[in-house]
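In: coordinates only, sequence not included:
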Ligand SMILES: Nc1nc2c(ncn2[C@@H]2O[C@H](COP(=O)(O)OP(=O)(O)OP(=O)(O)O)[C@@H](O)[C@H]2O)c(=O)[nH]1
């Protein structure tokens, strides 16, 4: 499967984020809790330089809670600040300000010692398409969108959203594209809906999803599609799933397009239960056979 990655998009997005860096104290990096590594822009460290950052594992409601905890522990062991959130329901959002204050304590203490009056922390959300940036902004905004006048250094007035008294958020998030470094990253992005279906080979994506379920959540796969044993032959597996779910073409043949679509749709929805498609890197390396 070839998924295009456009360097032009990337360069523009990068310029925009870099331009806004000077306006803010902290970055909120939004990733998908189901694929925390694949949903990052691999150049983000370089792009945001030394800006303090809170990693927000969004859509945590759709991710496996045990694995989300492993990710949180992993970030902690790396000295990084991460919070699991559900932007739709608003869960976890109340931890964001406190975590930001903690990260910026030294800076604010320094400002205070120089006699500068403390002001609200200024933040910007960055993340790949469809990761939930707008949902989070709207949820945090609660209509508290405040127009500010001239901000030194920018020609365009920035809109700041007040989040309580202590935090202000830039109203436009930074879009940072994922990079399909390898096939698997692309497939994970596709499976979670970060990539438009029109540029995908759905058969490949659904097969990846089925084999992933077989490996990590075999019981869910079996019960969802009424399988006693999971066929090793790809066609047999598709036949079994398609037949059970009535994905048939004329003549009673299995409609493989329909079957693939159904599988991908169900993996993306709550039908299969919460799923996490990757673990922190060290874990994956440990698990890789010699
Ligand atoms: N289940 C769940 N769905 C979410 C959550 N956050 C966002 N979504 C859904 O994810 C989809 C994408 O959300 P958006 O807020 O539009 O994402 P975005 O990052 O602004 O997307 P772009 O505008 O493409 O960059 C929407 O259908 C949201 O309802 C979450 O925490 N949990």
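Out: Sure thing, it's come through. On a predicted model such as this, the values are computed, not experimentally measured, just so you know.
In: tell me the contacts of residue 88?
Out: 61, 132, 135, 139 (C-beta atoms under 8 Å, 6 or more residues apart in numbering). Where C-beta positions appear, they are placed from N, C-alpha and C, glycine not excepted.
In: ok, and the most crowded of the residues you listed?
Out: Greatest neighbour count in those, by other C-beta atoms under 10 Å, goes to residue 132: 23 neighbours.
In: the most centrally placed residue in the chain and residue 275: what is the separation?
Out: Nearest to the geometric centre of the chain sits residue 32, at 2.0 Å (C-alpha atoms, centre = their mean). With distances taken as C-beta to C-beta, to the nearest Å, residue 32 is found 11 Å from residue 275.
In: where's the residue in the stretch 151-290 of the chain positioned nearest to the ligand relative to residue 168, distance?
Out: Closest to the ligand within the stretch 151-290 of the chain is residue 175: 5.3 Å, counting by C-beta to the nearest ligand atom. Per C-beta to C-beta, residue 175 is found 20 Å from residue 168.
In: which one's more surrounded, these two?
Out: residue 168 (23 against 19).
In: now name the helix or strand holding the more buried one.
Out: Using DSSP states H and E, the element containing residue 168 is strand 167-170.
In: list the contacts of the residue of the stretch 151-290 of the chain closest to the ligand.
Out: 13, 126, 127, 128, 129, 133.
In: now stretch 133-142: average pLDDT?
Out: For stretch 133-142, mean pLDDT rounds to 90.
In: does it reach the ligand?
Out: Yes: contact of stretch 133-142 with the ligand (C-beta under 6 Å from any ligand atom) involves 133, 134, 135.
In: if we look at that stretch, which residues are touching it?
Out: Contacts for stretch 133-142 (C-beta under 8 Å, 6+ apart): 28, 30, 56, 58, 85, 87-88, 90, 93, 96, 125-127, 161, 163, 169, 171, 173, 175.
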